[in-house]
Structure formats: C-alpha cells, structure tokens
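Colleague: Predicted coordinates and the sequence they were generated for:
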Amino acid sequence: MTAPNPPFETRTLPYGEAAIGEAAALIVAGQPVAIPTETVYGLAADATDSAAVARIYAAKGRPSFNPLIVHVLDLAAAQKIAAFDTVALQLAEAFWPGPLTLVLPLRADAGIASLVTAGLGTVAIRVPAHRAMRALLEATGQPLAAPSANASGGISPTRAAHVVASLGGRIALVVDDGATEAGLESTIVQGRSILRPGPITADQLHRYFFPLVFPSEGRSPVASVLEASAAVDHDRLATGLRPSPGTGSGLGKGTITAPGQLESHYAPSKPLRLNATHAQAGEYFIGFGSGSGDIDLSPAANLSEAAATLFDALHRADASDSASIAVAPIPATGIGVAINDRLARAAHRD
Ligand code: TXA
Ligand code: MG
C-alpha cells in the first residue's frame, strides 16, 4: 500500500557524459538507475551497498530470495568476487565482455552485499559489452548488481520506454541508448549446466563443456548428439524451482539453484497462444518469417533478429487493443532455444 520509496519523477536522459555523470552520482548516493546492456535494460545499484540493493528489490517489487547478477568491467574484477575453475576461466576468456553469466562460488572477501546473492554461497557474475553499462561501471568504480529493469514478473525491457512504462515513478533515472542488441537476457551457466538459455547458445558452450569431444576449432560429428542430450538442463528449466543438491548455502531445504527461473517470470498480462499458424478472432498475431501478422519478429526468418525484437513485440501486443496474443512457431535451434524458453514462460498460467 504505502510505497517503500518516495515516488520519483523518473527522468530519461540520452546516453552521454552528462547522463553517465548523473547516473554515477545517483549510484554513489545509493539510488538504483536503469541502464542498457547488450541484452536488456538493467536496474543497477552498487553491489557492495545493501541499502542500495534493497532499493532495487523495492522498485521491482521482487521477492528478496531471488538473487541478482553482478556486473564488472573485466575478468580481473570478477576474480576478486568469485572463484573460477578452469572451464569458467575459458568461458570468460571466450565470451566476455558479452551476454554470458557465470554462477560461481562467492569469495569470502568479495564484499558483495548478501542481499545480492540472497544468502547463497554462489554469485552470478558477468562482464557486459554495452558502452553505457561499461561507462557506468568505470564512473562508479564499483561492481553493479542489476536485474532486468522491469517490475517483478513483467517482460524484460529492451527499450527505455519499456522501463518507464514498468518502473516510472519508482526510479529516478533511465539512461536511454536505444534498443538493446541481443534482446534476450544473458545465458546463465553453472558448471556444465545451462540454467537459462540465452544469446550464447548451447552449441557455442559445448566445446568448453566437453573439450575432449571438441579437440580443435570447428565441427564435430557428435555435436548434434550432445545438442540433444547434454547442456540445457531441461528438467530444471521445466520445473523452475529445484533444490540445489549439496550446496552449502544458508537457505537449507528447498534452496533454489536458479530462483529466477519461475515459470511466470516473463509474463505479459494477456493470454498467449504458442505455435499458432494464424490469428483467431481478437488475437494480436506475432509472426515469424512470413511478413504477416500484426508484427513479424523477422520477415527474413533470422533468429537473432527475432530474439532482438521478441520482447518489444510482446510489449506492443500487451499494449494493443487485442484481448489475447498468438505467436507463430519459432525453430528451436541456436538462439531459438532461448526464444522458445521465454515464450513458454510468457504463455504459462498458474
Ligand atoms: O542479461 C541479463 O542477464 C540481464 C542484464 C541486466 O544483465 N539481467 C538479468 O537479471 O536478466 P535478472 O535478475 O532478471 O535475472 C537474473 C537471473 C535470475 O534468474 C536469478 O535467479 C539468477 O540470475 N541468479 C542470480 N544469482 C544466482 C545464483 N547464485 N545461482 C543461480 N541463479 C542465480
Ligand atoms: Mg528479469
């Protein structure tokens, strides 16, 4: 009922020195700021300041058991926070800066507020590539905790206007640097499991997960077999909440490995019908590869383009006059796996 924070007049400033200066001043003062990354817009706060992190949770209305991703400038900064094994190091070297999040043991001397990790013994960490987030990391000199900049349970924002629609009045500043490039949240990896599929695909990860099968650059005849069987932890993805076996975290029984994988996490407010070949009465139709429908994710049937436009299409569909939404089938290959994962969550109703 009463808002946890005083209401804000949410300002949007175009990316540039002035915007980053104001954003950094707010971060230092303990206020969260919305800032684009190459995946989606994040709501960033100083990860070492528990009061600032609490304001992220308050602005999002997010359950506090759901931990946040820590963003840092480079691998050296990440190694001060998390313990890297060989595979993690190879992944970091291959894909950072970029849309890959690694869940790793939290170092005792990391200095990260325990609200960020929700008391888990692990931390999710990534080195973003986007100039705005990187400029903010440089200007503040602090690791920044940043979930997607939407109210809890809503669709992740890929444009500044999406942030304002979702969090307007609840945060002080949105730095606007246009639409995000990848359009889907980062791939999350723990050990050799993909906790959340994303822009870095299973194919790209397998050579690091299974180095003996991939002795050199290039293809392997067994790649497609592995694709079908190994890396995406479908069981965990499907059930959402899974007890994490044998991790020494503080939450005890029912400890969550990837709590953000709640099935309702990416929901628009309207019913969503998947694998639809055509619109039924009253439906907003999101096409793929046909140029038809109210919007087409990629008339040329390009999956990367579809990933980049998916959330914007869902936002538009949600804001439209139509009572419900239908989406054309999207091939579940490459980044199409992540697209289908987000669509399945968006369609899920309890
Ligand atoms: O692309 C992205 O990852 C964006 C941008 C802003 O970086 N961030 C993002 O954050 O998607 P968020 O909070 O919406 O999703 C973070 C996910 C959640 O599913 C959370 O449960 C998971 O990361 N996570 C965080 N810490 C974890 C941990 N220690 N173990 C397992 N999962 C963790
Ligand atoms: Mg999110």
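Modeller: Cool, got the structure. Ligands and ions are numbered 1, 2, ... in the order given.
Colleague: From residue 152, how far out is the closest residue in space to residue 347 that isn't next to it in sequence?
Modeller: Nearest non-adjacent residue to residue 347, counting by Cβ to Cβ, 6 or more residues apart in numbering: residue 272, 4.2 Å away. Glycine gets a C-beta too; all of them are placed from N, C-alpha and C. Going from residue 272 to residue 152 by Cβ to Cβ, to the nearest Å gives 19 Å.
Colleague: picking that back up, give me phi/psi at the residue nearest to residue 347?
Modeller: Dihedral angles of residue 272 (phi, psi; degrees, to the nearest 10) stand at phi -130, psi 130.
Colleague: Now do the contacts for it.
Modeller: By Cβ atoms under 8 Å, 6 or more residues apart in numbering, the contact set of residue 272 is 324, 325, 326, 327, 343, 346, 347.
Colleague: quick one: which of those is nearest to residue 92?
Modeller: Residue 92 lies nearest to residue 343 out of those, by Cβ to Cβ, at 29.4 Å.
Colleague: Relative to ligand 1, how far out is the residue nearest to residue 347?
Modeller: Look at residue 272 and ligand 1: by Cβ to the nearest ligand atom, to the nearest Å, they are 19 Å apart.
Colleague: ok, residue 305 - contacts?
Modeller: 297, 298.
Colleague: mind listing what's buried in the helix or strand harbouring it?
Modeller: For residue 305, the host element (DSSP states H and E) is helix 303-319. Buried residues in helix 303-319, counted by 16 or more other Cβ atoms under 10 Å: 303-315, 317-318.
Colleague: which is the next helix or strand following it?
Modeller: strand 324-327.
Colleague: How about the stretch 101-250 of the chain: which residue is closest to ligand 1?
Modeller: residue 147 (2.9 Å; Cβ to the nearest ligand atom).
Colleague: For that residue, give me the pLDDT.
Modeller: Per-residue confidence at residue 147 stands at 96 (pLDDT).
Colleague: Then residue 203?
Modeller: For residue 203, pLDDT reads 94.
Colleague: mind checking how far it is from residue 40?
Modeller: 22 Å.
Colleague: Just the strands from the stretch 151-300 of the chain, written as ranges.
Modeller: 173-176, 187-190, 193-196, 272-273, 283-287, 295-296 (DSSP state E, counting those that start in this stretch).
Colleague: out of those, which comes closest to residue 133?
Modeller: Nearest of the strands of the stretch 151-300 of the chain (Cβ to Cβ): strand 173-176, 9.0 Å.
Colleague: Tell me which residues of the closest one come out buried.
Modeller: 173, 174, 175, 176.
Colleague: Dump those residues into JSON lines; add distance to ligand 1 and pLDDT as well.
Modeller: Output for the buried residues of strand 173-176, formatted as JSON lines (distance: Cβ to the nearest ligand atom, whole Å; pLDDT from 0 to 100):
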{"residue": "173", "distance to ligand 1": "16", "pLDDT": "98"}
{"residue": "174", "distance to ligand 1": "13", "pLDDT": "98"}
{"residue": "175", "distance to ligand 1": "13", "pLDDT": "98"}
{"residue": "176", "distance to ligand 1": "15", "pLDDT": "98"}
